[in-house]
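Engineer: Provided below are the primary sequence and the corresponding predicted coordinates.
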There are 2 protein chains.
Amino acid sequence: MTITITAFERSPDGGKGLARDTRVRWALEEVGQPYEVRPVSFRAMKEPAHRALHPFGSIPTYEEGDLTLFETGAIVFHIAERHAGLLSDDANARARAVTWMFAALNTVEPPILELANAKLLESDKPWNKERLPLVENRVRDRLKPLSAHLGDADWLDGAFSAGDLMTVSVLLRLKSSGILDEYPNLAAYVARGEARPAYERAFAAQLAFNTGKPPTG
Amino acid sequence: MTITITAFERSPDGGKGLARDTRVRWALEEVGQPYEVRPVSFRAMKEPAHRALHPFGSIPTYEEGDLTLFETGAIVFHIAERHAGLLSDDANARARAVTWMFAALNTVEPPILELANAKLLESDKPWNKERLPLVENRVRDRLKPLSAHLGDADWLDGAFSAGDLMTVSVLLRLKSSGILDEYPNLAAYVARGEARPAYERAFAAQLAFNTGKPPTG
């Protein structure tokens, strides 16, 4: 059955790979599943036809036969559950990988989203300069224990898993902030994720999609 | 095998049910699994013994035989996957319920957490009064499409599921803000969740735990 995902017609980041379709592309590349991408404009995203697929009017969505999903975490989990490559066969290791998926999205990412809001939506506010360090410290409150847990391991819990895919994806949003570099083992962890051939293919595909040029690799 | 979860020795909310162990208690009550609760003080939470269970030094954790999990979403999913009552037998309905779990935690809850931060951590800041309406509007940006999707249905996707458990739990955090009442169908949805016998048992148990009195029911 053909897998079709949606992506921004033109990503606001211009192809830096931070739009959430990259997370889904990466998962599909890790498990070796081909997929098609349907672009959605910002206008079409808010219309009923797309809202029927994604109640919050965003991307990505995932269509496969009579199944339609939205929400990146759920899509990546669905892919990981049905194809080998992102979850262990051992039940306990699998549950721990799922734990890291949820931790990435509900513990690590919320302060990162708050920081993004402060930079994108409040940059013109008189309080922004004084407030930004407070928000950055909320991010550090998550990175410090994450860094301590990772230590000098390659991945969060043994072999690379969907939990690492999601954690690396979340941390990638911090690259331009400089905060990630305060935790050298986390910066190296993210670099390890980016060096995976599956990530490289996913990144190249979203870049080509956003710039209208085919990958050269 | 005995299931043991951790909870705040005394919840900061004094037993209003907003600490995350309530979500896990509710899930365990829905599937009819007994459990034990180990209290953790704020001091012990940050020490190595607890960090070994929960890298971010918080609650709840979940122990069952040789499996240890943290992160509420993952714990609730683990419970839902292993016991009947929170996920459909139909694979597609199950994937959609998981979608709502992730949507609750990564789309609906982040602006609610941002609002909580504004109220708890920035109440003494000179910008807080002017900034609060901006943050409240970010919450509304999520509630409006959620309300539109729910319409006059009882639950988000057919029968009650782990997706509803998590969405109701996230929305409960808004009760004191008044924002929930702007969306009568969401307020009724939350009330439906609270009226479930399993929720009532979970709420009574955490209240008794936090006030040191046994449930009177």
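Structural biologist: Nice, I can see it.
Engineer: what residue spans form the domains of chain A?
Structural biologist: A:3-85+A:198-211, A:91-196 (automatic domain parsing).
Engineer: is the shortest one positioned near chain B?
Structural biologist: If I follow you right, that is domain A:3-85+A:198-211. Yes - on the criterion CB under 8 Å from any CB of the partner chain, domain A:3-85+A:198-211 is in touch with chain B at A:51, A:55-57, A:66-67, A:69-75, A:77-78. In short, each C-beta sits where N, CA and C put it, glycine included.
Engineer: most neighbours of all those residues, which one?
Structural biologist: Within the residues of domain A:3-85+A:198-211 next to chain B, most neighbours by other CB atoms under 10 Å in any protein chain shown means A:Glu71, with 29 neighbours.
Engineer: how much space is there between it and B:Thr107?
Structural biologist: A:Glu71 is 7 Å from B:Thr107, where distance means CB to CB, to the nearest Å.
Engineer: chain A: helices as residue ranges?
Structural biologist: A:21-31, A:42-45, A:48-51, A:72-82, A:91-103, A:109-121, A:128-150, A:162-172, A:184-194, A:197-211 (DSSP state H).
Engineer: so the first one versus helix A:184-194, what angle?
Structural biologist: Here helix A:21-31 runs at an angle of 70 degrees relative to helix A:184-194 (axes from the mean of the first three to the mean of the last three CA atoms, to 10 degrees).
Engineer: circling back to that earlier point, so which of the domains of chain A is nearest B:Ser169?
Structural biologist: Closest of these to B:Ser169 is domain A:91-196, at 11.7 Å (criterion: CB to CB).
Engineer: so what's the gap between the closest one and the chain middle?
Structural biologist: Relative to its chain's centre, domain A:91-196 lies at 11 Å (CA atoms, centre = their mean, to the nearest Å).
Engineer: first to last residue in it, what's the distance?
Structural biologist: Domain A:91-196 has an end-to-end distance of 25 Å (CA to CA, to the nearest Å).
Engineer: who are the contact partners of the residue in chain A sticking out farthest from the centre?
Structural biologist: Most distant from the centre of chain A: A:Pro126, at 31.3 Å, with distances by CA atoms, centre = their mean. If you count contacts by CB atoms under 8 Å, 6 or more residues apart in numbering or on different chains, A:Pro126 has them with B:Trp127.
Engineer: would you mind measuring from it to B:Asn128?
Structural biologist: Distance from A:Pro126 to B:Asn128, by CB to CB: 13 Å.
Engineer: A:Arg138 now?
Structural biologist: 16 Å.
Engineer: can you pull the buried residues of stretch A:24-35?
Structural biologist: A:Val24, A:Arg25, A:Trp26, A:Ala27, A:Leu28, A:Glu29, A:Glu30, A:Val31, A:Tyr35 (16 or more other CB atoms under 10 Å in any protein chain shown).
Engineer: who are the neighbours in contact with A:Glu36?
Structural biologist: A:Thr2, A:Ile3, A:Thr4, A:Ile5.
Engineer: so can I have CSV of the domains of chain A showing mean pLDDT?
Structural biologist: Shown next, in CSV, are those (pLDDT from 0 to 100):
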stretch, mean pLDDT
domain A:3-85+A:198-211, 96
domain A:91-196, 97
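Engineer: in TSV, list these along with distance to B:Asp89.
Structural biologist: Shown next, in TSV, are these (distance: least, CB to CB, whole Å):
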stretch	distance to B:Asp89
domain A:3-85+A:198-211	15
domain A:91-196	19
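Engineer: for B:Ala208, which of those domains is the nearest?
Structural biologist: Closest among the domains of chain A, once you apply CB to CB, is domain A:91-196, at 27.2 Å.
Engineer: got the helices of chain A as a markdown table, with distance to B:Gly158 columns?
Structural biologist: Compiled in a markdown table, the helices of chain A are given as follows (distance: least, CB to CB, whole Å):
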| stretch | distance to B:Gly158 |
| --- | --- |
| helix A:21-31 | 25 |
| helix A:42-45 | 26 |
| helix A:48-51 | 19 |
| helix A:72-82 | 16 |
| helix A:91-103 | 23 |
| helix A:109-121 | 29 |
| helix A:128-150 | 35 |
| helix A:162-172 | 26 |
| helix A:184-194 | 37 |
| helix A:197-211 | 33 |
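Engineer: closest to B:Pro111 out of the ones you listed?
Structural biologist: helix A:109-121 (8.3 Å).
Engineer: check contacts around the closest residue to A:Ile5 other than its chain neighbours.
Structural biologist: Residue nearest to A:Ile5 in three dimensions, not counting chain neighbours: A:Pro60, with 4.9 Å by CB to CB, 6 or more residues apart in numbering or on different chains. Applying CB under 8 Å, 6+ apart to A:Pro60 gives the contacts A:Ile5, A:Thr6, A:Ala7, A:Arg20, A:Asp21, A:Arg23, A:Val24, A:Phe70, A:Thr72, A:Ile75.
Engineer: try A:Glu64
Structural biologist: Applying CB under 8 Å, 6+ apart, the residues near A:Glu64 are A:Met1, A:Thr2, A:Ile3, A:Thr4.
Engineer: if we can go back for a sec, mind checking the helices of chain A for the one nearest to B:Glu194?
Structural biologist: Of all those, helix A:91-103 comes closest under CB to CB, at 23.6 Å.
Engineer: and that closest one, anywhere near chain B?
Structural biologist: Yes - looking at helix A:91-103 against chain B by CB under 8 Å from any CB, the contacts come from A:Asn92, A:Ala95, A:Arg96, A:Val98, A:Thr99, A:Trp100, A:Met101, A:Phe102, A:Ala103.
Engineer: which of the residues you listed tops the neighbour count?
Structural biologist: Neighbour max across the residues of helix A:91-103 next to chain B (other CB under 10 Å) = A:Met101, 30 neighbours.
Engineer: and that residue, what does it touch?
Structural biologist: So A:Met101 contacts A:Gly73, A:Val76, A:Phe77, A:Ala162, A:Gly163, A:Met166, B:Ala74 (CB under 8 Å, 6+ apart).
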